[in-house]
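[1] next one to model:
(one chain, ligands or ions: 2)
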Amino acid sequence: MAGTVNPDLQAERDRISFEQEALTNAIDGTPEKTEKRRKYANLALNDPDFDMTSYNFLSRSEKYGAAVEKTVKMIKKIGKLGITDPTDLYIYRSHIFPNESTSFTLHADMFIPTLMGQASPKQQSKWLPKALTLQIIGTYAQTELGHGTFIRGLETTATYDEKTEEFVIHSPTRTSLKWWPGNLGKSTNHAIVMAQLIVKGQNYGPHPFIVQIRSLENHMPQPGVTLGDIGPKFGYDANDNGFMQFDHVRIPRENMLMKHSRVEPDGTYIKAKNSKLTYGTMVFVRSVLIRDVAALSLAQCATIAIRYSCVRRQSEIKPGAGEPKVMDYRAQQAKLFPQLATAYAFLFVAQEMENIYFSVNSEIDRGEIDRLPELHGLSSALKAFTTDWAVVGMEICRRSCGGHGFSHCSGIPKIYVNALPGVTYEGENTVMYLQAARYLVKCVNMAKRGDQLPGSVAFLNKKPAPKSSITEDVNMVDLVEAYRARAYYLVHMASFELDREIKNGMASYDAWNECAVALVMAAKAYGHYVVVEAFAKKLETLTNNQVPASVIGVLTLLGKLYALHGILENSGDFMSENYLSKQQKSFIYNGFLYALKSLRPDAVGLVDAFEFPDKVLDSVLGRYDGRVYENMLEWAMKDELNKTQVHESYFKHIRPFVKQASKL
Ligand SMILES: CCCCCCCCCC/C=C\CCCCCCCCCC(=O)SCCNC(=O)CCNC(=O)[C@H](O)C(C)(C)COP(=O)(O)OP(=O)(O)OC[C@H]1O[C@@H](n2cnc3c(N)ncnc32)[C@H](O)[C@@H]1OP(=O)(O)O
Ligand SMILES: Cc1cc2nc3c(=O)[nH]c(=O)nc-3n(C[C@H](O)[C@H](O)[C@H](O)COP(=O)(O)OP(=O)(O)OC[C@H]3O[C@@H](n4cnc5c(N)ncnc54)[C@H](O)[C@@H]3O)c2cc1C
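    Numbering: from 1, shown residues only. Ligands and ions are numbered 1, 2, ... in the order given. Next comes the predicted model:
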């Protein structure tokens with residue numbers, strides 16, 4: 001990150017009030033994690049074998065080809081370097097493929113996790129070594145043309161043939177074509193296929209099967225399998241999301257993943273302890289994408305927009321006093337600082353989600369499944385809440401860069417389109433909120449019966465005070481309590497509405513649909529509360545770990561800003577039933593303004609602390625050295641249109657037309 005830095009940006013760095021290294025450690029989790037991240041990031045970034053030229057100026061086919069080449073090179077390097085730990089692998093990979101999908105992403109993030117979570121020990125010993133050494137490369141093929149959300153509605157069938165001890169995989173209709181699986185279109189040779197298990201004429205619902213889909217010799221589709229790419233999308237150009245049709249494809253019985261449920265050779269079906277264990281890979285990915293998609297993408301966009309806002313000068317505050325940095329406009333701070341605070345909040349809640357995921361998962365491995373519903377409810381709510389707000393925040397960052405934010409030179413469009421499908425894949429967000437609400441409503445009924453609720457839903461056990469205790473000197477404790485109260489009331493209100501409809505004679509499924517607006521609001525409020533509380537807990541942990549006061553100070557300001565902004569944006573909720581008085585609302589507003597003002601000197605330090613390398617941001621606007629204007633023209637000149645002064649279409653179309661016109 002050496003070189004002459006734009007003086008405007010240097011001035012920002014010269015006045016940072018906190019110890020940046022300690023903050024970076026807090027973001028990573030521990031100093032050891034920072035060290036590890038730097039080590040694997042540098043291994044990737046300093047390797048001259050990786051061409052980090054961005055894909056901006058390539059066609060879709062070229063992008064795909066470049067991604068495959070880079071993926072294979074990366075896999076070879078991983079083998080040479082002996083990187084095996086999943087976190088190290090993830091860091092290494094995300095610095096070679098920043099905000100991009102590798103050609104084997106689904107293999108790493110879903111195919112292998114599914115083998116680990118769904119295959120029996122015997123099956124794991126057969127498939128995992130092959131998968132880990134890439135002798136086979138797989139994807140996760142669940143979604144079909146007709147159904148993504150409603151897994152029970154999948155139409156692909158796996159019919160057991162006891163005579164041959166095989167399953168017959170078949171796509172009976174046009175809508176049963178697998179559609180969307182990543183890396184299916186061109187790259188993979190195996191797939192975990194979710195299909196309706198049919199034994200002796202009985203349908204036991206969706207189950208996972210491992211199916212070879214392409215030849216390991218020449219990559220042609222296996223007999224009975226039709227394959228292709230689904231065509232251009234909103235983004236994800238280098239990713240070959242694919243389609244797949246089966247025509248009575250036979251696989252051995254052992255290819256059904258049988259950790260949780262089994263089919264014996266004679267066709268006897270042994271069911272799982274909980275049929276939803278089959279959905280485990282989705283819970284895993286929902287848990288990790290809170291950090292890897294939502295938090296990090298927003299943090300990157302905030303970095304770009306805040307650095308650029310300290311370089312960009314425009315208009316006037318005081319007439320005649322010259323053009324200020326746009327960061328000095330209070331309105332610009334009001335747009336960008338909440339996004340910065342949200343990125344921090346999501347990083348902290350992701351650390352908590354990761355701990356919960358791994359702790360519940362090891363319980364599940366021991367056969368204890370009591371906490372599965374909470375894990376599902378919490379991961380659903382947080383997946384939806386964080387991806388929703390991350391994409392809203394990224395767009396705010398983009399607009400805050402004015403016109404240049406619309407250009408790929410800002411780097412924001414690439415980050416945005418890579419994160420955007422996070423609101424849809426792995427469970428469409430409204431559907432995820434409703435899943436969380438389903439769990440919350442159950443919890444209300446359990447609390448009414450006097451049951452003690454676990455972890456993140458324990459707040460439903462205790463009625464909050466009817467009035468907030470927020471004072472002029474707003475503090476984190478009162479803010480957390482305000483969010484708890486809002487979540488408590490909205491969850492109870494949704495539950496009350498549901499009960500009322502049912503008491504009035506409505507069938508429970510109709511009542512559910514009727515109350516969906518209240519249910520989604522309840523789940524959002526729950527997600528918001530969990531995030532604010534996670535921020536407060538993080539501050540407590542850092543304080544207990546003797547992190548420097550300067551860091552606690554700036555993070556406390558950020559935490560408050562996040563919570564205050566959320567109250568201002570949702571003041572109707574907080575002010576209903578007079579929980580928050582008009583005077584308290586003015587304390588919130590003043591606290592928000594105070595936080596903006598106080599954070600201004602540290603804005604660049606707070607984004608620098610994320611330590612996103614320039615190669616990751618791939619942004620002219622967000623460069624570490626702030627040399628924006630010096631590099632814009634050079635960047636634009638890379639475009640194919642600038643390779644010649646006069647484009648061939650001039651000779652083909654414009655010139656003849658103009659000649660013709662001049663004769664008239
Ligand atoms: C430190 C660790 C390092 C590790 C590094 C690893 C590196 C990984 C890095 C990853 C980085 C980034 C990741 C991003 C890239 C990944 C790319 C991903 C691409 C996307 C892939 C996909 O999209 S795959 C397809 C996903 N599809 C879905 O998600 C479908 C959504 N639908 C559903 O989940 C369900 O059908 C439903 C939730 C909608 C429920 O349907 P339905 O109404 O029919 O209900 P059911 O009858 O099915 O359910 C009834 C009861 O079951 C409960 N339930 C439902 N789901 C679950 C679950 N998953 N777990 C537990 N319980 C569940 C439900 O609540 C009901 O309960 P009751 O009320 O008690 O009856
Ligand atoms: C980039 C990308 C990558 C993907 N990768 C994969 C992959 O690798 N493997 C794979 O199997 N799939 C993959 N998918 C598919 C993805 O998982 C599904 O698109 C997703 O689960 C949503 O399902 P759907 O498309 O059927 O949406 P739909 O369910 O059709 O949603 C349409 C609308 O209906 C609403 N809706 C649906 N059901 C309900 C309900 N019960 N209550 C209220 N509203 C409802 C939704 O909220 C939404 O507004 C990918 C998708 C994308 C975009």
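
[2] what about the helices in the stretch 301-450 of the chain?
    Secondary structure of the stretch 301-450 of the chain, counting by DSSP state H, counting those that start in this stretch: helices at 330-365, 372-400, 412-419, 429-448.

[3] and the last one with helix 372-400, angle?
    With axes from the mean of the first three to the mean of the last three C-alpha atoms, to 10 degrees as the criterion, the two stretches helix 429-448 and helix 372-400 enclose an angle of 140 degrees.

[4] what lies in contact with helix 429-448?
    With C-beta atoms under 8 Å, 6 or more residues apart in numbering as the test, helix 429-448 has contacts from 149, 286, 373-374, 376-378, 380-381, 383-385, 387-388, 423, 427, 453, 457, 460-461, 491-492, 494-495, 498, 516, 519-520, 522-524, 526-527. Where C-beta positions appear, they are placed from N, C-alpha and C, glycine not excepted.

[5] how far away from the center of its chain is it?
    22 Å (C-alpha atoms, centre = their mean, to the nearest Å).

[6] close to ligand 1: what parts of this protein are there?
    Contacts of the chain with ligand 1, taken as C-beta under 6 Å from any ligand atom, map to 86-87, 90, 105, 109, 140, 142-143, 148-152, 182, 276, 279, 282-283, 285, 288-289, 292-293, 354, 372, 376, 425-427, 431, 435, 438.

[7] what subset of those is buried?
    90, 105, 109, 140, 142-143, 148, 151, 182, 276, 279, 282-283, 285, 288-289, 292-293, 372, 376, 425-427, 435, 438 (16 or more other C-beta atoms under 10 Å).

[8] can you tell me which of the residues you listed are in strands?
    Tyr140 (DSSP state E).

[9] report the buried residues of stretch 467-477.
    Ser468, Ile470, Val474, Met476.

[10] dihedrals phi and psi, Thr133?
    phi -100, psi 10 (degrees, to the nearest 10).

[11] separation between it and Trp127?
    Distance, Thr133 to Trp127, using C-beta to C-beta, to the nearest Å: 11 Å.

[12] these two: which is more packed in?
    Trp127 (23 against 10; other C-beta atoms under 10 Å).

[13] looks to me like the more buried one is in a helix.
    Yes. Under DSSP: H, G, I helix; E, B strand; the rest coil, Trp127 falls within a helix.

[14] how about the closest residue to it other than its chain neighbours, phi and psi?
    Spatially, and ignoring its direct neighbours in sequence, Trp127 is nearest to Leu115 (5.3 Å; C-beta to C-beta, 6 or more residues apart in numbering). In terms of degrees, to the nearest 10, the main-chain angles of Leu115 are phi -60, psi -40.

[15] now do the contacts for Leu115.
    Gln123, Gln124, Trp127, Leu128, Ala131, Ile192, Ile210, Leu257.

[16] how about the residue of the stretch 501-650 of the chain found nearest ligand 2: what's its closest non-neighbour residue?
    Going by C-beta to the nearest ligand atom, ligand 2 is nearest to Ala516 of the stretch 501-650 of the chain, at 6.3 Å. Excluding the flanking residues, the one nearest Ala516 by C-beta to C-beta, 6+ apart is Leu434, at 6.6 Å.

[17] pick out the residue of the stretch 251-400 of the chain closest to ligand 2.
    Residue nearest to ligand 2 within the stretch 251-400 of the chain: Met282 (8.5 Å; C-beta to the nearest ligand atom).

[18] need the pLDDT of the residue nearest to that residue when sequence neighbours are not counted.
    Distance criterion C-beta to C-beta, 6+ apart; nearest residue to Met282, sequence neighbours excluded, is Glu426 at 5.8 Å. Reading off the confidence values, Glu426 has pLDDT 97.

[19] confirm for me that Glu426 is in contact with Val283.
    No. Taking contacts as C-beta atoms under 8 Å, Glu426 lies outside contact range of Val283: 9.3 Å.

[20] pLDDT score for Leu593?
    Listed pLDDT for Leu593 reads 98.

[21] and for the one 3 residues further on?
    Residue-level confidence at Leu596 comes out at 98, pLDDT.

[22] for whatever helix or strand it lives in, buried residues please.
    Assigned by DSSP states H and E, Leu596 falls within helix 582-599. Neighbour-count burial for helix 582-599 flags Gln584, Lys585, Phe587, Ile588, Gly591, Phe592, Ala595, Leu596, Ser598, Leu599 (criterion: 16+ other C-beta under 10 Å).

[23] likewise stretch 311-326?
    Applying 16+ other C-beta under 10 Å to stretch 311-326 flags Val311, Arg312, Pro324, Lys325, Val326 as buried.

[24] of those residues, just say which sits nearest to ligand 1.
    Among those, and counting by C-beta to the nearest ligand atom, the member closest to ligand 1 is Val311, at 31.2 Å.

[25] could you look up the SS state of the residue nearest to that closest one when sequence neighbours are not counted?
    Leaving out its chain neighbours, the residue that sits closest to Val311 by C-beta to C-beta, 6+ apart is Gly626, at 4.7 Å. Going by three-state DSSP, the secondary structure assigned to Gly626 is coil.

[26] distance to Thr71 added to the buried residues of helix 582-599, as CSV?
    CSV is the format used below for the buried residues of helix 582-599 (distance: C-beta to C-beta, whole Å):
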residue, distance to Thr71
Gln584, 54
Lys585, 53
Phe587, 53
Ile588, 49
Gly591, 48
Phe592, 45
Ala595, 43
Leu596, 43
Ser598, 45
Leu599, 40
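
[27] mind picking the two most distant members of those residues?
    Gln584 and Leu599 (22.2 Å; C-beta to C-beta).

[28] what segments of the stretch 451-600 of the chain are strands?
    Remark: strands of the stretch 451-600 of the chain are absent; assignment by DSSP state E, counting those that start in this stretch.

[29] which parts of it are helices?
    Counting by DSSP H, counting those that start in this stretch, the helices of the stretch 451-600 of the chain are 476-503, 508-514, 516-544, 549-569, 571-575, 582-599.
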